[in-house]
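Colleague: Structure of the sequence below:
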Amino acid sequence: MAGVPMLPLAGCATSATVNKAPKNSALAPLTKAVKQVKFIGMEAPSLANPEQMATVYVNSKMQADFTDGSKQVYDLDYTPFFITGDMVPNGLGGTTRAGQLYDINNKPLYDASAGEPVPFFSNCPDGTSLLTVKGANVAGVKGNTVFAVVQFEYASMNRAGKETWGRLPSPIAVLTLDQNPSTGELKLVKYHNVDTSPVHGLWITCGASLSPWGTHLSSEEYEPDTHNLAKEDDGKFLDFSKALYGDQNKANPYHYGHLPEVFVNPDGTGFVKKHYNLGRISHELIQVMPDERTALMGDDTTNGGLFMFVADKPRDLSAGNLYVAKVNQTTPKGVGTGEFVTQWIHLGHATSSEVEAMANTFKPDDIMSVKYEDPKDTSYTKIYYNGKANWVKLNTNNQYAEKAAAFLETHRYAALKGASMAFTKMEGTTVNAKDKVAYSAMSRIEKSMVDPEKYGDYGLKVAQNKSGAVYAHKLSGGQAAINNNTAINSEWVPVSMSVPPNLAGQDIDSDNLGNKSHPDKISCPDNLKYSEKMRTLFIGEDSGTHVNNFLWAYNVDTHELARILSTPAGAESTGLHAVDEVNGFTYIMSNFQHPGEGIAENAKVAGIILPLIKRNYKDTYGAAVGYLGLKI
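Modeller: Down below sits the predicted model:
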């Protein structure tokens with residue numbers, strides 16, 4: 001047993017579970033309650049010990065403060081369920097391959113790029129949700145039945161070494177986990193691949209969150225440009241269609257760039273539905289607020305926006321209103337990370353079924369005409385889309401064009417409506433419910449956030465910071481849309497945004513390892529999750545500016561930032577999910593993607609580190625899915 005999860009926290013009595021810990025566990029028997037916890041960070045790995053740079057390295061600690069005034073410090077450790085490509089139990093007495101990619105008929109995909117075909121499996125596990133289901137009953141579970149939904153964003157390259165990002169379908173799996181009632185340890189019992197054919201397959205499933213009602217809210221990142229499929233990234237979407245359907249022209253681009261929701265059945269299987277009415281944007285990570293209706297969304301692109309959806313009914317995303325932010329910068333232009341007042345533009349109301357029907361029916365020109373060079377026609381409006389100028393015009397002959405544009409050409413329509421389409425790489429979102437503060441990761445502050453002349457003037461201009469920052473949004477009720485003065489039916493609406501202390505990265509000249517961001521500050525924040533009981537914001541990095549990307553713990557009261565985990569060099573920290581309580585235990589789920597990516601170009605470490613990464617992770621074609629817990 002490599003590790004067990006952390007003890008129950010924040011006033012939860014621990015005697016019922018912790019006092020049964022095995023003698024070899026670092027978790028001593030306890031009969032008292034935990035008042036608060038803090039994380040004690042570790043130094044970044046270095047060439048003094050190359051092995052630490054080539055694996056998941058954890059040398060951090062957690063201090064528990066008890067209600068009687070005593071304290072105890074615990075060492076942390078990482079426990080993987082599997083490395084992608086491993087053969088794992090399928091729950092039927094056999095095995096299946098973790099991270100295997102499938103076509104629309106659920107047939108495994110094979111990679112013949114380097115000769116003999118081999119299974120195509122992902123080295124990019126991403127969004128993960130840990131959850132329980134009432135009445136769960138799965139053969140092989142001896143303790144408590146717990147499930148994890150894990151999505152695999154892409155496979156980074158084929159066996160010939162050619163990049164395959166966005167050119168292959170994305171699988172999602174349900175893991176059945178056996179939770180030890182005494183220690184909280186999780187063991188994989190069953191791996192089930194979810195059939196995605198009812199929703200036309202999935203494309204680039206990135207960050208994810210657990211809904212308040214216990215479902216996995218997935219994402220489809222970087223919606224394909226319907227007007228430019230052949231030229232966009234050298235026909236990336238056409239390759240995806242070929243891999244999924246066997247026909248490069250069969251996949252409908254309007255079916256992708258939406259929000260999938262995964263439901264887990266008591267037997268460890270699952271099914272997915274896709275919500276088409278939350279905007280067709282670069283969905284990264286959605287956060288549903290405690291009202292179970294309001295959702296704040298990441299938008300991971302250049303010329304991105306801050307989007308919000310307010311559902312008509314709690315726990316039901318199938319109908320509601322879509323909004324986009326217009327911000328007013330209250331600090332000097334071009335200085336720092338900026339502070340902003342946030343207002344909202346109403347884009348429209350729709351059900352998922354009516355938007356899906358429009359996606360099935362309309363061709364791109366039925367909705368709007370898009371030109372990539374100035375048509376010298378005043379009926380077109382110049383906007384910016386993904387860092388480039390577009391000239392767009394709605395199809396006035398189609399009475400449904402405006403609604404279709406709002407939900408299927410959302411980025412362009414939001415720009416037409418006057419939204420602040422200037423954010424860059426807005427990725428993870430999460431919420432601190434007690435303080436009514438939401439957080440957004442701005443992975444890199446560049447391009448449309450810093451140069452309005454080149455990327456469009458949307459009233460926003462801050463200083464360039466390629467290391468990025470995390471912005472905090474104050475949340476409030478009583479707001480109205482500024483374009484039609486209709487009330488926004490939510491008490492969880494962002495009204496201002498700024499960067500809290502210690503949550504901005506710092507660009508530097510390359511250091512002795514090749515870091516281009518200060519190693520003791522965040523760089524390119526991506527995954528965000530907040531723990532109410534720990535009063536801690538967890539931040540996972542996706543940077544090319546830290547040689548090793550890190551997972552950080554940020555105390556929102558003291559503003560202390562602690563490095564708690566390091567991924568293999570070149571890997572992205574993904575799959576973050578802070579789970580306050582599952583049967584009396586607290587978990588921090590953590591994965592990583594594409595180990596070794598870009599390291600060959602780093603002459604300072606490549607010769608030493610890359611061979612170790614290849615040895616550890618299937619020649620860089622494997623990556624880990626697991627959790628952070630107490631060290632045995």
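
Colleague: Now do the helices in the stretch 251-400 of the chain.
Modeller: 352-361, 364-367 (DSSP state H, counting those that start in this stretch).

Colleague: And the chain, by the same measure?
Modeller: Assigned by DSSP state H, the chain shows helices spanning 15-18, 50-53, 236-245, 352-361, 364-367, 401-408, 410-416, 452-455, 606-616.

Colleague: So which of the helices of the stretch 251-400 of the chain is nearest Tyr254?
Modeller: helix 352-361 (3.8 Å; Cβ to Cβ). C-beta coordinates here come from the backbone N, C-alpha and C atoms, glycine included.

Colleague: Distance of the nearest residue to Asn252 once chain neighbours are set aside relative to Gly305?
Modeller: Using Cβ to Cβ, 6 or more residues apart in numbering and skipping residues adjacent in sequence, the residue nearest Asn252 is Ala359, 6.6 Å away. Ala359 sits 20 Å away from Gly305, going by Cβ to Cβ, to the nearest Å.

Colleague: More neighbours: these two, which one.
Modeller: Just comparing Ala359 and Gly305: by other Cβ atoms under 10 Å the higher neighbour count belongs to Gly305, 29 against 21.

Colleague: List the contacts of that one.
Modeller: Remark: with contacts taken as Cβ atoms under 8 Å, 6 or more residues apart in numbering, Gly305 is in contact with Ile281, Asp299, Val324, Ala325, His411, Ala414, Ala419, Ser420, Met421, Phe423.

Colleague: rewinding a little: how about the helices of the stretch 251-400 of the chain in JSON lines, adding distance to Glu601 and mean pLDDT?
Modeller: Converted to JSON lines, the helices of the stretch 251-400 of the chain look like this (distance: least, Cβ to Cβ, whole Å; pLDDT from 0 to 100):
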{"stretch": "helix 352-361", "distance to Glu601": "40", "mean pLDDT": "98"}
{"stretch": "helix 364-367", "distance to Glu601": "38", "mean pLDDT": "98"}
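
Colleague: Was I right to think Leu408 contacts Phe362?
Modeller: Yes - the criterion here is Cβ atoms under 8 Å, and Leu408 meets it with Phe362 at 7.4 Å.

Colleague: higher neighbour count, the two?
Modeller: Leu408 (27 against 20).

Colleague: Among the contacts of Gly305, which has the minimum pLDDT value?
Modeller: In terms of pLDDT, the lowest of these is Asp299, showing 94.

Colleague: What is the neighbour count of it?
Modeller: So Asp299, with other Cβ under 10 Å, has 28 neighbours.

Colleague: likewise Pro568?
Modeller: The burial count for Pro568: 29, using other Cβ under 10 Å.

Colleague: Would you agree it is in contact with Asn548?
Modeller: Yes - if you go by Cβ under 8 Å, Pro568 and Asn548 touch, sitting 7.2 Å apart.

Colleague: intersection of neighbour lists for those two?
Modeller: Joint contacts of Pro568 and Asn548 (Cβ under 8 Å, 6+ apart) are Met53.

Colleague: just for this protein, where's the confidence low?
Modeller: By pLDDT under 70, the low-scoring segments of the chain are 1-32, 632.

Colleague: ok, the residue nearest to the spatial centre of it - contacts?
Modeller: Central residue of the chain (Cα atoms, centre = their mean): Gly207, 1.8 Å from the mean position. For Gly207, the contacting residues are Asp126, Gly127, Ser219, Glu284, Leu285, Gly298, Glu427, Gly428, Asp526, Asn527, Thr574, by Cβ under 8 Å, 6+ apart.

Colleague: Repeat that for Glu541.
Modeller: Here Glu541 is in contact with Ile522, Ser523, Cys524, Pro525, Asp526, Asn549, Phe550, Leu551, Trp552, Glu572, Ser573 (criterion: Cβ under 8 Å, 6+ apart).

Colleague: Neighbour count and distance to His275 added to these, as TSV?
Modeller: Shown next, in TSV, are the contacts of Glu541 (neighbours: other Cβ atoms under 10 Å; distance: Cβ to Cβ, whole Å):
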residue	neighbour count	distance to His275
Ile522	28	31
Ser523	28	32
Cys524	26	28
Pro525	32	26
Asp526	29	23
Asn549	26	30
Phe550	26	33
Leu551	26	29
Trp552	25	31
Glu572	25	26
Ser573	29	27
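
Colleague: Please name the nearest non-neighbouring residue to Trp213.
Modeller: Arg315 (4.4 Å).

Colleague: For the one you found, which residues are in contact?
Modeller: Ser211, Pro212, Trp213, Glu292.
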